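Participant: Could you work out the structure for the sequence below:
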Amino acid sequence: MTSNAPSPATPARGLGHHTLRRTIPLFRPYRRRLVLAALYVAFVGFCVSTPPIFTKYLVDTAIPRKDLHSAVLVMLGFVVLMTLRMVSWYAGQSILLLVREKIIYQLRRSVFVKLQELCMRFHQKHSPGFLYDRTLGGASTSVGVFLSMVFNTLVVYVFTMISALIICLRLNVWLTLWVLTMSLGYVLIGRLFKRRIHDITKKFNYEVNKFAGQVTDLLRGVKTIKAFAMEQRIISDFDENLWPLQLRSLDVNKETMFLGFFVEGLGYLINAAVLIGGSYLVVGSSISLGALVAFAGYQTMMIGMFGALATLSGTYGAAVAGLEQMYEILDERPSVVDKPGALMPAKVTGEMRFDDVFFSYDGKPVIQGLSVTIPHGQSVALVGPSGGGKSTLTNLLLRFYEPNKGVIRLDGTDIRQLPLFDYRSLYGVVLQDPFLFNDTIYNNLLAVAPESTDAQIRHALERAQAWEFVADLTGGWHFSVGESGSQLSGGQRQRIALARCFLTNPQIMILDEATSALDNQSEHFVQQALQSMMDGRTVFVIAHRLSTVRHVDRILVLQDGQVVQDGNYEELCQAPGLFRELHQVSLEPELPGSASDSSPVG
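Facilitator: Sure thing, here's the model as predicted:
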């Protein structure tokens, strides 16, 4: 099990400062709501700081005077105040949680939109599981957890601590300064663990991304795994990779637990110091017993909040790691982009010309000095050995990649000067193993041509020899095809893909052995439909079977990224060269009664 997820980057100095500055603008559209929520939360903070005052009154006034009436009134006031606190808390949190969800939505949407913009080079380097985590998985989840903690604790604690601090200073200045001095330990603990939790969380997130990509790949390859009886080896590999991941998760949780131990331990020390010092002051009559009880309550409140803020710093480190990973995607720059002022010509005929085109992938030359012109309306087959550059040529046509050198022209215009969306809309593509969305047949067709009528969709299915089997499915064209079309056979998927191509009525077609999974009878009818559709259009056919190349206008034989032969079927069969060699090889294994049309040519 392997993955191409990148290694975690070394954290920059000044943990999260740049990330935080970049994230704060996300809150600006909601500043009025946040101010309103802050007022609600401020009132909550005030209410949270009042219970020790009620206790002090009971201990110092009501109980010594045996005034139960005043005690009952004070407690009724306490209940009313706490009720208002709960109402205010609900109102404030309703606003804050909505803002949180809007910000997470904005982040997730931005990442997803960016993934649609990024070119094929990027997508081939990263597995779907890795990219899913960046969009909806652990990275954005950690951001949500942090925002929840900020909304639910930080604002309340700030207001509560300010109120508690003012009251503590009024009760006894020296005890308050003592508590504040010892509380500096929380600052040191927070700074220490924030960095450590950030680093370990970032490493853990990368390993989760990597493992998610591996598991996604295995789940997609379940048919191959079963066909080769690989289950036990795959399970063994899964165990071998999963346990280190669990240990890394354990490390993250232990680090958080250690932070809690330090925070809690320091709280106990401060509590002990306050009670010892307060007892000395009570004995010396410097403060009353009620004042000490109230001070102890406020001190516990402040220490608890100092500790929570220290813990929040650890969560902040984890959230920064999540934000950094989302921003890594947002900071990616696609290598294929629209040029400023890109415009489509008023009329497109469909002539394609390659002028001295070179292309390499990861340093390996794939296309080398290719120059060829495909006139408008010509059907061209691309044949040759595997790795010769056939698929790469069509990828360059679709601008999935840009040439390293040279120019591809449409009607004389460099295709890099054309807007991507409009340019790609000229094409209809049918692949040998077509991809279908996990949706109904109807929606799969409607996705490529949203304005199509039901009659047009049915006509496309009929032309692709698909209507008969679609009508027999449960729900007809509302049958759900499953992930990648797994509920359909290979031939059925191919016919749906052909219908999709027919429906878009493209000006340029790319067919990658578009009828390879069809039976002979269906192939005959589909070939007729394709032939009629190819008339007047520029067509590129990646060919592996003789039935595909026999009737095209022209055949280009590619080897090592170059055109080594160029002609029609009859000419190339007679001329010495690679095509005749491939043709002869395709006939050698032919069995009695088999059709030569089904033999491979490259």
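Participant: ok, the nearest residue to L572 once chain neighbours are set aside - contacts?
Facilitator: Nearest non-adjacent residue to L572, counting by Cβ to Cβ, 6 or more residues apart in numbering: F579, 4.1 Å away. Where C-beta positions appear, they are placed from N, C-alpha and C, glycine not excepted. Taking Cβ atoms under 8 Å, 6 or more residues apart in numbering, we find F579 in contact with V383, I555, V557, Q565, L572, C573, V601.
Participant: Report whether F579 is found in a helix, as I expect.
Facilitator: Yes: assessed by DSSP: H, G, I helix; E, B strand; the rest coil, F579 belongs to a helix.
Participant: Look up the pLDDT of it for me, please.
Facilitator: At F579, the model reports a pLDDT of 86.
Participant: all strands for the stretch 301-450 of the chain, in order.
Facilitator: Here the stretch 301-450 of the chain has its strands, by DSSP state E, counting those that start in this stretch, at 352-361, 364-374, 379-383, 405-410, 413-414, 427-430.
Participant: contacting residues around stretch 22-31?
Facilitator: By Cβ under 8 Å, 6+ apart, stretch 22-31 touches L34, V99, K102, I103, Q106, L107, L323, Y327.
Participant: again, only this time at 10 Å
Facilitator: 16, 33-34, 37-38, 95-96, 98-100, 102-104, 106-107, 110, 143, 147, 319-320, 323-324, 326-327, 330 (Cβ atoms under 10 Å, 6 or more residues apart in numbering).
Participant: Quick check: helices, which of those are part of them?
Facilitator: 33-34, 37-38, 95-96, 98-100, 102-104, 106-107, 110, 143, 147, 319-320, 323-324, 326-327, 330 (DSSP state H).
Participant: quick revisit: can you lay out the strands of the stretch 301-450 of the chain as CSV showing mean pLDDT and mean neighbour count?
Facilitator: Formatted as CSV, the strands of the stretch 301-450 of the chain follow (pLDDT from 0 to 100; neighbours: other Cβ atoms under 10 Å):
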stretch, mean pLDDT, mean neighbour count
strand 352-361, 92, 17
strand 364-374, 91, 16
strand 379-383, 91, 24
strand 405-410, 94, 17
strand 413-414, 92, 14
strand 427-430, 87, 22
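Participant: Compile these into a markdown table and extend it with columns for distance to I189.
Facilitator: What follows is those, written out as a markdown table (distance: least, Cβ to Cβ, whole Å):
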| stretch | distance to I189 |
| --- | --- |
| strand 352-361 | 50 |
| strand 364-374 | 52 |
| strand 379-383 | 65 |
| strand 405-410 | 58 |
| strand 413-414 | 61 |
| strand 427-430 | 58 |
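Participant: G561: which of these is closest?
Facilitator: strand 364-374 (4.2 Å; Cβ to Cβ).
Participant: Give the other helices and strands that that closest one contacts.
Facilitator: In terms of contacts (3 or more Cβ pairs under 10 Å, 6 or more residues apart in numbering; DSSP states H and E), strand 364-374 is packed against strand 352-361, helix 390-397, strand 405-410, strand 538-542, strand 554-559, strand 562-567.
Participant: got the angle between it and strand 538-542?
Facilitator: Using axes from the mean of the first three to the mean of the last three Cα atoms, to 10 degrees, the inter-axis angle of strand 364-374 relative to strand 538-542 is 140 degrees.
Participant: Can you list the strands that strand 364-374 pairs with?
Facilitator: Applying DSSP bridges to the sheet, strand 364-374 is found paired with strand 352-361 (antiparallel).
Participant: Next, the angle from the strand it pairs with to helix 390-397.
Facilitator: 110 degrees.
Participant: what's the spacing between A273 and K339?
Facilitator: Taking Cβ to Cβ, to the nearest Å as the measure, A273 falls 69 Å from K339.
Participant: got it, and T181?
Facilitator: Separation of T181 from K339 (Cβ to Cβ) stands at 63 Å.
Participant: T50 now?
Facilitator: In terms of Cβ to Cβ, T50 sits 65 Å off from K339.
Participant: Give me the more crowded residue out of those two.
Facilitator: Neighbours were counted for T50 and for K339 using other Cβ atoms under 10 Å; T50 has more, 18 against 12.
Participant: ok, and the closest non-adjacent residue to the more buried one?
Facilitator: Leaving aside its chain neighbours, T50 sits nearest to L81 (6.3 Å; criterion: Cβ to Cβ, 6+ apart).
Participant: ok, now which ones touch the closest residue to F479 other than its chain neighbours?
Facilitator: Closest residue to F479 apart from its sequence neighbours, by Cβ to Cβ, 6+ apart: L473 at 4.0 Å. If you count contacts by Cβ under 10 Å, 6+ apart, L473 has them with T440, I441, F479, S480, V481, Q487, L488, Q492.
Participant: Repeat that for V113.
Facilitator: With contact taken as Cβ under 10 Å, 6+ apart, V113 is in contact with L330.
Participant: Do a quick rundown of the helices in the stretch 401-550 of the chain.
Facilitator: 420-424, 441-448, 454-463, 467-472, 490-504, 520-534, 546-549 (DSSP state H, counting those that start in this stretch).
Participant: cool, the stretch 51-200 of the chain as well?
Facilitator: 51-57, 63-65, 68-117, 120-125, 128-135, 138-149, 155-171, 173-220.
Participant: Going by length in residues, pull out the top helix of the chain.
Facilitator: helix 231-283.
Participant: Please name every helix or strand in contact with it.
Facilitator: Using 3+ Cβ pairs under 10 Å, 6+ apart, helix 231-283 is in contact with helix 173-220, helix 222-227, helix 289-330.
Participant: Around E462, how many other residues sit close by?
Facilitator: 16.
Participant: Hmm, L396 and K405 touching each other?
Facilitator: No: using Cβ atoms under 10 Å, K405 makes no contact with L396, being 11.8 Å away.
Participant: ok, the residue of the chain positioned farthest from its centre - contacts?
Facilitator: Distance from the C-alpha centroid of the chain, by Cα atoms, centre = their mean, peaks at R65 (67.2 Å). For R65, the contact set (Cβ under 10 Å, 6+ apart) comprises A71.
Participant: any idea how far Y57 is from it?
Facilitator: From R65 to Y57 the distance is 11 Å (Cβ to Cβ).
Participant: Also H69?
Facilitator: 13 Å.
Participant: Between the two, point out the one with more neighbours.
Facilitator: Neighbour totals were compared for H69 and Y57, and Y57 leads with 17 against 8 (other Cβ under 10 Å).
Participant: could you check the distance from that one over to R121?
Facilitator: For Y57, the distance to R121 equals 71 Å [Cβ to Cβ].
Participant: again with R416
Facilitator: The value you get for R416 to R121, if Cβ to Cβ is used, is 16 Å.
Participant: how many neighbours does A42 have?
Facilitator: Using other Cβ under 10 Å, A42 has 19 other residues around it.
Participant: Can you give me the pLDDT of it?
Facilitator: With respect to pLDDT, A42 has a value of 77.
Participant: Excluding sequence neighbours, find me the nearest residue to L498.
Facilitator: Nearest one to L498, counting by Cβ to Cβ, 6+ apart, is A464 at 3.9 Å.
Participant: okay but that neighbour is in contact with A497, surely?
Facilitator: Yes: counting by Cβ under 10 Å, A464 does reach A497; the two are 8.2 Å apart.
Participant: Run a quick neighbour tally on V348.
Facilitator: 18.
Participant: Would you confirm that it contacts D411?
Facilitator: Yes: contact criterion Cβ under 10 Å: V348 and D411 qualify, at 6.2 Å.
Participant: overlap in contacts of those two?
Facilitator: Between them, V348 and D411 share these contacting residues under Cβ under 10 Å, 6+ apart: H376, L418.
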